[in-house]
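1. below is the sequence, then the predicted model.
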Amino acid sequence: TEMSKKGADKGGKEKETANLYKELAALRPSADFDPSSDDYEKAIKVCNKLLNLDAHDATAYHCKIVAMVQAGKFEDCIKQLLNNKFELDLQFEDAYCHYRLNDPHKAMKILDGVINPQVKHNELRAQVLYRLEQYENCFTVYRDIIRSSDDKYETERKTNLSAVTAQLADKSKMVVDETDTFEQRYNAGCNYAAVGDFEKAEKVLVQAEKAARNFLEEDEAGEDEILEETGIIRVQLGFVMQKQGRDKEAQTIYNQVLKNKPSDIGLVAVANNNLLTINKDQNIFDSKKRIKAATVEGLELKLTSSQRGAIARNNALLAMFTAQVDLCKELVSSLDSSTIPDKDLIIAGALSKAGKHSEAVSTLMTSPNVDPVTLLTCGQILLTAGQVEQATTTLAKMSPDWLYRVGVLSSLVTLYLAKDNRQAAAELLKAAVEWNKKSGSAKSGVASMATVWRKTAEFHLKSGEAQVAAESLEELQKLEPGLSTLAQLVLAYARFDLTKALAVSKKLPAFTSGSVDVDTLESGSWAMGAKQFKKTPRPGGEKTPKTGTDDTMLVNKKKKQKKKKRLPKNYNPNADPDPERWLPKRERTGLKYMPGYRKPRKDKRKAEKFTGAQGTDQGKSETYDYSNKIAGVKEAANKQASPAPEPAPGPRLQQKGPGRAQNKKKKGGKNKF
């Protein structure tokens with residue numbers, strides 16, 4: 001009976017195991033079927049049941065590991081692999097889990113231990129190398145895979161290869177011919193942008209955006225999904241426009257992309273950083289918001305080290321523009337000196353913005369590498385602080401190949417002349433001429449010394465050093481032969497060596513009567529203007545005849561047409577015009593309520609006119625008071641005796657305001673006049 005029970009148990013296990021494998025196979029009926037994450041969760045449970053039935057089932061264990069990888073349970077998968085008791089090659093799964101857990105160094109170590117790598121191992125190696133930013137090695141691996149394989153994943157591999165070449169920024173390795181998908185078009189645009197061909201990059205990116213929109217519309221994607229997918233293309237397009245100097249267009253694109261609130265934090269960071277660079281030292285409040293969005297957590301997995309370094313540098317520059325010295329020093333200390341060599345310049349800029357010019361100069365001068373750019377920056381800071389003497393001393397410390405360049409040399413000469421130190425300026429120009437003669441930099445065109453020699457010669461001629469001026473003009477004549485230089489050289493020789501002056505003057509073209517306009521020379525307008533040399537004839541002297549007054553030289557001038565006088569519509573030539581027509585209507589004599597006249601507004605602030613004592617009958621008091629009537633009769637009699645009115649003052653003599661006589665309104669009627 002015991003043996004029959006064991007046989008029954010064994011048969012039951014085999015039957016249950018077979019059923020479980022059937023259930024496992026049903027989760028992926030064919031190789032083309034793509035199971036969901038729930039299907040992989042079910043597969044893990046089925047594999048656990050199989051392992052409970054038989055702990056030594058290697059197939060069930062292998063299926064469980066693959067299902068855990070596909071379900072995204074990478075940490076649990078690594079724990080299972082540590083307890084691996086089976087003789088299975090699971091190095092690929094182990095390396096992939098470490099890669100997905102953002103440990104590319106561990107993944108690469110595991111892949112290096114694979115003895116006979118397959119295609120899947122090499123593809124994972126290429127992905128890990130890309131994450132480690134070893135683009136040259138990554139390019140080599142992808143190129144070998146594409147050459148040695150021929151399957152349905154060729155398009156994806158070429159797309160990844162074009163992404164690698166975009167990071168290499170090498171014209172000889174660019175992959176821009178593949179345009180089967182919009183991803184490949186986008187990568188081609190990035191390749192062109194990486195090598196500086198921004199016009200071609202813009203055209204390709206516009207095509208990539210159209211291709212992406214068409215593809216997604218055919219796939220029945222919504223507008224929000226289309227904007228989400230094409231956001232990265234549009235931000236790259238904005239970058240290309242910005243590099244071409246079209247900041248306004250780029251700013252519009254960045255704002256449109258951010259308005260759609262993309263889910264990719266890397267895309268948001270790049271767009272905000274580019275907007276920050278457009279603001280520069282303006283709109284600081286907006287720049288602070290941008291840098292906050294560009295420095296969120298989690299960007300280590302979304303951006304390359306160069307992109308993160310650029311954002312960190314912009315953050316330090318923003319602190320510099322706002323004169324936050326302590327914050328700027330803190331941010332600069334976290335920057336990588338190997339990729340960002342101008343850390344000291346940023347700190348000096350912050351100190352200069354804060355008004356600490358001496359500290360800024362000392363910071364730069366005590367740095368390990370005091371190069372010409374550092375000295376130029378120190379000179380600029382000192383000039384900003386008004387310390388001209390220290391600025392000239394600092395600029396004079398530069399090496400000759402920088403000191404005797406046109407810009408630096410002219411700046412130093414200007415500073416010396418501003419301090420009225422002509423001797424120092426003359427010595428500097430002499431040294432510049434001597435150094436350029438010895439070094440031969442003028443022949444190679446390094447410093448463009450033609451301008452320097454001409455200005456040096458003019459300076460020495462004015463200061464009386466004709467011999468030094470002649471040396472400069474000789475070099476200038478060798479470099480750029482010309483008649484004007486030759487004429488100046490004759491003038492310079494004439495001051496100290498007449499023999500040389502005569503010899504050189506023979507090289508000038510011979511004078512002919514028609515080669516010079518005598519009238520132009522005599523007018524003097526070629527030098528200081530015609531007004532400065534206009535002669536006034538002496539009283540009683542002969543008048544100089546004007547040139548070109550013959551009848552043959554006369555030209556009929558066009559007569560100016562007189563403008564027709566415009567008269568008012570109601571103009572009457574028989575009536576005299578109103579003498580008060582130039583006065584404002586409110587100041588003219590006459591009735592105040594005529595049409596067109598402004599009606600005076602009642603001043604509500606004035607107190608009411610006193611109309612009589614309180615408690616009396618106003619009507620009766622006026623009726624029985626004959627004093628007013630007698631005064632009125634006398635006034636009327638006086639008017640009849642002297643009917644001639646006084647002459648009215650002119651319209652310009654009338655005064656504005658309350659002092660002017662007011663015309664009383666006639667009582668009765670309907671404002672007739």
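-> Right, received. Where do you want to start?

2. what ranges does the stretch 101-250 of the chain have for its helices?
-> 104-112, 119-131, 135-148, 154-168, 182-194, 198-218, 223-243, 247-259 (DSSP state H, counting those that start in this stretch).

3. out of those, deepest packed?
-> Most buried of those, by mean neighbour count (mean count of other CB atoms under 10 Å): helix 182-194, with a mean of 23. For the C-beta atoms, the positions are set from N, CA and C on the backbone; glycine is no exception.

4. show me what that helix is packed against.
-> helix 154-168, helix 198-218, helix 223-243 (3 or more CB pairs under 8 Å, 6 or more residues apart in numbering; DSSP states H and E).

5. can I get these in CSV with distance to residue 427 and mean pLDDT?
-> Listed next are these as CSV, based on distance: least, CB to CB, whole Å; pLDDT from 0 to 100:
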stretch, distance to residue 427, mean pLDDT
helix 154-168, 51, 92
helix 198-218, 47, 94
helix 223-243, 45, 94
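
6. let me have the ones you listed in CSV, adding distance to residue 336 as columns.
-> Formatted as CSV, the helices and strands packed on helix 182-194 follow (distance: least, CB to CB, whole Å):
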stretch, distance to residue 336
helix 154-168, 18
helix 198-218, 27
helix 223-243, 23
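
7. follow-up on the earlier one: now tabulate the helices of the stretch 101-250 of the chain in a markdown table and tack on distance to residue 430.
-> Below are the helices of the stretch 101-250 of the chain laid out as a markdown table (distance: least, CB to CB, whole Å):
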| stretch | distance to residue 430 |
| --- | --- |
| helix 104-112 | 62 |
| helix 119-131 | 59 |
| helix 135-148 | 52 |
| helix 154-168 | 50 |
| helix 182-194 | 48 |
| helix 198-218 | 46 |
| helix 223-243 | 44 |
| helix 247-259 | 46 |
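
8. out of the ones you listed, nearest to residue 563?
-> helix 247-259 (46.9 Å; CB to CB).

9. in terms of secondary structure, what does the closest one contact?
-> Counting contacts by 3+ CB pairs under 8 Å, 6+ apart, helix 247-259 packs against helix 223-243, helix 265-279.

10. ok, which of the ones you listed comes nearest residue 155?
-> The closest of the helices and strands packed on helix 247-259 to residue 155 is helix 223-243. By CB to CB, the value is 17.7 Å.

11. so what's residue 208 up against?
-> Counting by CB atoms under 8 Å, 6 or more residues apart in numbering, residue 208 makes contact with 182, 185, 186, 188, 189, 233.

12. which among these gets closest to residue 291?
-> Of these, the one sitting nearest to residue 291 (CB to CB) turns out to be residue 233, at 24.4 Å.

13. how about residue 125: what's its closest non-neighbour residue?
-> Leaving aside its chain neighbours, residue 125 sits nearest to residue 111 (5.1 Å; criterion: CB to CB, 6 or more residues apart in numbering).

14. hang on, the earlier thing: ok, which of the helices of the stretch 101-250 of the chain comes nearest residue 279?
-> Nearest to residue 279 among those is helix 247-259 (9.2 Å), distances taken as CB to CB.

15. what sits up against stretch 239-250?
-> Contacts for stretch 239-250 (CB under 8 Å, 6+ apart): 189, 193, 198-199, 201-202, 205, 238, 253, 270, 274, 277-278.

16. 10 Å instead?
-> Stretch 239-250 has contacts (CB atoms under 10 Å, 6 or more residues apart in numbering) with 189-190, 192-193, 196-206, 235, 237-238, 251-254, 270-271, 274-275, 277-280.

17. now that stretch, how far from the centre of its chain.
-> 8 Å (CA atoms, centre = their mean, to the nearest Å).

18. can you check stretch 182-199 too?
-> For stretch 182-199, the distance to the chain centre is 22 Å (CA atoms, centre = their mean).

19. from residue 568, how far out is residue 305?
-> 83 Å (CB to CB, to the nearest Å).

20. ok, these two, which is more surrounded?
-> Each of residue 305 and residue 568 has its neighbours counted (other CB atoms under 10 Å); residue 305 has more, 11 against 8.

21. surely that one meets residue 335?
-> No. In this structure, residue 305 is not within contact of residue 335 by CB atoms under 10 Å, at 11.8 Å.

22. common neighbours of these two, please.
-> Joint contacts of residue 305 and residue 335 (CB under 10 Å, 6+ apart) do not exist.

23. hang on, the earlier thing: just put the contacts of residue 208 in JSON lines and tack on distance to residue 374.
-> Listed next are those as JSON lines, based on distance: CB to CB, whole Å:
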{"residue": "182", "distance to residue 374": "47"}
{"residue": "185", "distance to residue 374": "44"}
{"residue": "186", "distance to residue 374": "41"}
{"residue": "188", "distance to residue 374": "41"}
{"residue": "189", "distance to residue 374": "38"}
{"residue": "233", "distance to residue 374": "41"}
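
24. most widely separated two among those?
-> The distance between the two most remote of those (CB to CB) is 11.5 Å, for 188 and 233.

25. overlap in contacts, these two.
-> The contact sets of residue 188 and residue 233 overlap at 205, 207, 208 (CB under 10 Å, 6+ apart).

26. ok, so of those residues, who is nearest residue 340?
-> Nearest to residue 340 among these is residue 205, at 28.5 Å by CB to CB.
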